[in-house]
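J.: mind looking at a prediction? Sequence and model below.
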Amino acid sequence: VNPVDIVQLILQNKSLEPQKKMGEGRASTNIALIKYWGKKDERLRIPTNSSLSVALPDKSTLTKITLSDKNHNEVILNGKALDVASPFANRLSIYLDYFRSTSTMYFKINTEVNFPVAAGLASSASGFAALVLALNDFFAWQLTKKELSILARLGSGSACRSLWSGFVEWHAGSKDDGMDSYAEQLDITWPELCAGVIVCEAKAKKINSTIAMQHTMSTSPFFNDWVSQSNKDLMQIKEAIQAKDFVLMGEIAEANAMMMHASCIAARPAILYWQPETLAIIHKIQALRQQGVPVYLTIDAGANLVLFFIQDEKQAIIKALPKAEILQLQI
Ligand code: DP6
């Protein structure tokens, strides 16, 4: 089974002819509390474990798609045309090939991202989710969110969680074709829950998630333990979220992120995403907790941190960590 088979399975006999001049889609990025790190199937992006994220509505991607009059796909990122050979344009182009009905049909993708691309803030998540929504609009497929989630997953795993707001769970699934590997929103409201981002490094990370998770899987002696611990973490964090037990949720999320990074550090050679400032902030957050401020952190495949806290602590957080950009979660 390859990605094209899955696309055909989902689209059935839906049209691959554009139904309008321009298709459009917007999606927020998400930050995982239980991380996706490892694939059972590389090509279909089926994960080794289920994961859980929170949408970051302030950080989003808006993508517009039209037909290109060139003989290749075009990608414009934040107003700048990308070189077709650049990693980002190339990755999009491979994905777009799944949806080209004739060998002479090419797309023009115009995408605006309002946060650092490839800096460990999961820009591929909002990017592929926005692209799938734009394709759905362009071809008027009217797919369900579950189907869109599977299509987004084929572009980037974490993208399958970016079609919803609030808490989202991605079920790893057990089928070989990945038709049961998709995300869904958890039915919960939590308006007091806040987040903050601390950017320690805005430039592109050295090793992208796809390669890093592959390397961790094949060389880290901690990998199997990571998968089994994540399964336990997921069950427990869902209970903590349902009970609105902020401290328990924070403890599990932070421990899960630390274990993901530990599995990377134990890979051979090691993958170490943290910068000195990342570590300094980790210590600061630990000190804040000792002073009685409940705040927890998570870190994706990069040097930047995302903090979680309850509304009442907002002033204490701004005072202690003035660099933090406070985000509206709208859960
Ligand atoms: C650390 O979704 O970027 O952000 O499927 O290979 O594109 P690919 O990987 P990607 O990995 C995200 C890894 C993470 C954790 C997470 O978001 O769950």
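T.: Great, that's in hand.

J.: the helix or strand hosting H215 packs against which elements?
T.: Using DSSP states H and E, the element containing H215 is helix 209-219. Judged by 3 or more C-beta pairs under 8 Å, 6 or more residues apart in numbering; DSSP states H and E, the packing partners of helix 209-219 are strand 39-41, helix 223-242, helix 246-265. (Each C-beta comes from the backbone N, C-alpha and C, glycine too.)

J.: and these, which is most packed in?
T.: helix 246-265 (a mean of 20; mean count of other C-beta atoms under 10 Å).

J.: average pLDDT for it?
T.: The average pLDDT for helix 246-265 rounds to 98.

J.: and that helix, C-alpha only, in CSV?
T.: Extracted in CSV, the C-alpha atoms of helix 246-265 (Å, rounded to 0.1, in the frame of the first residue of the first chain):
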residue,chain,number,x,y,z
PHE,A,246,-3.9,20.8,35.8
VAL,A,247,-0.9,19.7,37.9
LEU,A,248,-1.3,16.1,36.9
MET,A,249,-1.8,17.0,33.3
GLY,A,250,1.3,19.2,33.4
GLU,A,251,3.5,16.6,35.1
ILE,A,252,2.6,14.0,32.6
ALA,A,253,3.1,16.3,29.6
GLU,A,254,6.4,17.5,30.8
ALA,A,255,7.7,14.0,31.6
ASN,A,256,6.6,12.8,28.2
ALA,A,257,8.5,15.6,26.4
MET,A,258,11.5,14.9,28.5
MET,A,259,11.4,11.2,27.7
MET,A,260,11.1,12.0,24.0
HIS,A,261,14.2,14.2,24.2
ALA,A,262,16.0,11.6,26.3
SER,A,263,15.3,9.0,23.6
CYS,A,264,16.9,11.4,21.1
ILE,A,265,19.9,12.1,23.3
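
J.: out of the helices and strands packed on helix 209-219, nearest to A134?
T.: strand 39-41 (25.3 Å; C-beta to C-beta).

J.: hang on, the earlier thing: buried sites along the helix holding H215?
T.: S209, T210, A212, M213, H215, T216, M217 (16 or more other C-beta atoms under 10 Å).

J.: could you dump these into a markdown table with pLDDT and distance to the ligand added?
T.: Shown next, in a markdown table, are the buried residues of helix 209-219 (pLDDT from 0 to 100; distance: C-beta to the nearest ligand atom, whole Å):
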| residue | pLDDT | distance to the ligand |
| --- | --- | --- |
| S209 | 92 | 4 |
| T210 | 94 | 3 |
| A212 | 97 | 8 |
| M213 | 97 | 6 |
| H215 | 98 | 12 |
| T216 | 98 | 10 |
| M217 | 98 | 11 |
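
J.: would you turn those residues into JSON lines with distance to I94?
T.: Converted to JSON lines, the buried residues of helix 209-219 look like this (distance: C-beta to C-beta, whole Å):
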{"residue": "S209", "distance to I94": "16"}
{"residue": "T210", "distance to I94": "12"}
{"residue": "A212", "distance to I94": "19"}
{"residue": "M213", "distance to I94": "18"}
{"residue": "H215", "distance to I94": "21"}
{"residue": "T216", "distance to I94": "23"}
{"residue": "M217", "distance to I94": "21"}
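
J.: which bits of the protein sit near the ligand?
T.: Neighbours of the ligand within the chain, by C-beta under 6 Å from any ligand atom: 32, 35-37, 45, 51, 122, 124, 156-158, 209-210, 300-301.
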